[in-house]
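Trainee: only geometry, no sequence info:
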């Protein structure tokens, strides 16, 4: 065996410790940079932030329920605008059709006497 000086022995021990620390760091980096680990950490972070946002939203609704209701109503009307416009148009058409029919009925009986109307109904 070679007779190493105490300085050389101490340097080898220090080098082994440094090598061990470096290997530990490399293993830790491998775990951290693993795509599965990155995805899991991102998912956990997103869930945490989502939960925080939900808590804040609930607090805001509790503080101003009328405003929250108005906002939900406005959003609902916005999202359902096309079907609502179609329904309003259909309703308008039906009302106009009923008014035309009523006006036509009035014009048809206008100027006739009561006895004329009686005869027409008996013939039918």
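Mentor: Yep, that arrived. Just so we're clear, the structure is a prediction, and the values are computed from it rather than from any experiment. Numbers count the residues shown, from 1 in each chain.
Trainee: Return the distance of the residue nearest to the spatial centre of the chain relative to residue 88.
Mentor: Centroid check for the chain by CA atoms, centre = their mean gives residue 75 as the closest residue, at 11.0 Å. For residue 75, the distance to residue 88 equals 19 Å [CB to CB, to the nearest Å]. In short, each C-beta sits where N, CA and C put it, glycine included.
Trainee: do residue 104 as well
Mentor: Distance from residue 104 to residue 88, by CB to CB: 25 Å.
Trainee: and what of residue 44?
Mentor: From residue 44 to residue 88 the distance is 48 Å (CB to CB).
Trainee: related to what we said a few turns ago, can you name the helix or strand that the residue nearest to the centre of the chain falls in?
Mentor: helix 65-79 (DSSP states H and E).
Trainee: Please apply the same query to residue 3.
Mentor: Applying DSSP H and E, one finds residue 3 in no helix or strand.
Trainee: Please renumber the chain so that the first residue is 36 from this point on.
Mentor: New numbering, starting at 36: the last item is residue 38.
Trainee: how many neighbours does it have?
Mentor: Using other CB atoms under 10 Å, residue 38 has 5 other residues around it.
Trainee: quick one: average confidence on the helix holding residue 110?
Mentor: Per-residue pLDDT over helix 100-114 has a mean of 94.
Trainee: Quick check: what element follows that helix along the chain?
Mentor: With elements assigned by DSSP H and E, the helix or strand that comes after helix 100-114 is helix 116-144.
Trainee: Report all helices and strands that that next one contacts.
Mentor: With contacts defined as 3 or more CB pairs under 8 Å, 6 or more residues apart in numbering; DSSP states H and E, helix 116-144 has no helix or strand neighbours.
Trainee: any idea of the angle that helix forms with helix 100-114?
Mentor: 70 degrees (axes from the mean of the first three to the mean of the last three CA atoms, to 10 degrees).
Trainee: For helix 116-144, what is the distance to the chain centroid?
Mentor: 37 Å (CA atoms, centre = their mean, to the nearest Å).
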